[in-house]
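Chemist: Give the three-dimensional model of this entry:
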Amino acid sequence: MPTDFLTLLQRDHTDLQDELTQLLDPEASSSELRMALDGVRLGLTAHAEAEDIVLGRFELLPQLQILIAQARASHRVQEAALSVLVSSRPQTDSWRERAHQLRELVECHARQEEKYLLPALREHVPCDHFGRLAGAFATERLRQLAMLQPSTQIYIPTFAEARAS
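Modeler: A predicted model of the protein is given here:
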């Protein structure tokens, strides 16, 4: 059975949560924190842009307008919180507070989408369109990631080891 749109959104939200949790690890090295922060930045940006582009096709449906606007607003708030986190000194109390706040924003966004937006999409988007959402989202997310640059240098063997553990 092919992956559906809900599964892809949940995977993105879970990956973001994992990276945000790693930012709160008091034992994490500076290198691990930089890599996790980059993962959050790249993942959040690609997710928000892909979701916006894919769901933008349905924003003129009256039943979805408010839900799509709320998802966009949620992403803007998350991106603003990420900007504040990026400008904070790592491993300080304010860093941890801001990382917690961003993690809570991502959690709340995920719950809202799963509880309201996705059921509304299933109800109001024709089946033939809904079936294509996963492919469109995955393609757009990859396109967005291809346009982004990591902010830190990554040594590939170290990156592979960190992802494997």
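Chemist: list the contacts for residue 63?
Modeler: Residue 63 is in contact with 120, 123-124, counting by Cβ atoms under 8 Å, 6 or more residues apart in numbering. Bear in mind the C-beta positions are built from the backbone N, C-alpha and C, glycine included.
Chemist: Next up, identify which helix or strand it is on.
Modeler: helix 62-86 (DSSP states H and E).
Chemist: do the same with residue 35
Modeler: With DSSP H and E as the test, residue 35 turns up in helix 30-55.
Chemist: same for that helix, what does it pack against?
Modeler: Counting contacts by 3 or more Cβ pairs under 8 Å, 6 or more residues apart in numbering; DSSP states H and E, helix 30-55 packs against helix 5-23, helix 62-86, helix 133-147, helix 156-164.
Chemist: make it 6 Å
Modeler: Using 3 or more Cβ pairs under 6 Å, 6 or more residues apart in numbering; DSSP states H and E, the elements in contact with helix 30-55 are helix 5-23, helix 62-86, helix 133-147.
Chemist: Work out which residue lies at the spatial centre of the chain.
Modeler: residue 44 (3.5 Å; Cα atoms, centre = their mean).
Chemist: buried stuff in the helix holding residue 63?
Modeler: Using 16 or more other Cβ atoms under 10 Å as the test for burial, helix 62-86 gives 64, 67-68, 71-72, 74-75, 78, 81-82, 85.
Chemist: For those residues, which two are the farthest from each other?
Modeler: 64 and 85 (30.7 Å; Cβ to Cβ).
Chemist: picking that back up, now do the helix holding residue 35 and helix 62-86, the angle between them.
Modeler: 160 degrees (axes from the mean of the first three to the mean of the last three Cα atoms, to 10 degrees).
Chemist: average model confidence for helix 30-55?
Modeler: The average pLDDT within helix 30-55 is 90.
Chemist: Return the set of buried residues in that helix.
Modeler: In helix 30-55, counting by 16+ other Cβ under 10 Å, buried: 33-55.
Chemist: quick revisit: could you write me a ChimeraX select line covering just the buried ones among the contacts of residue 63?
Modeler: Buried residues among the contacts of residue 63 (16+ other Cβ under 10 Å), as a ChimeraX selection:
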select :120
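Chemist: Switch the contacts of residue 63 over to JSON lines; also include secondary structure.
Modeler: What follows is these, written out as JSON lines (DSSP: H, G, I helix; E, B strand; the rest coil):
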{"residue": "120", "secondary structure": "helix"}
{"residue": "123", "secondary structure": "helix"}
{"residue": "124", "secondary structure": "helix"}
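Chemist: possible to save the contacts of residue 63 as JSON lines with distance to residue 12 and pLDDT?
Modeler: Formatted as JSON lines, the contacts of residue 63 follow (distance: Cβ to Cβ, whole Å; pLDDT from 0 to 100):
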{"residue": "120", "distance to residue 12": "19", "pLDDT": "92"}
{"residue": "123", "distance to residue 12": "22", "pLDDT": "91"}
{"residue": "124", "distance to residue 12": "22", "pLDDT": "89"}
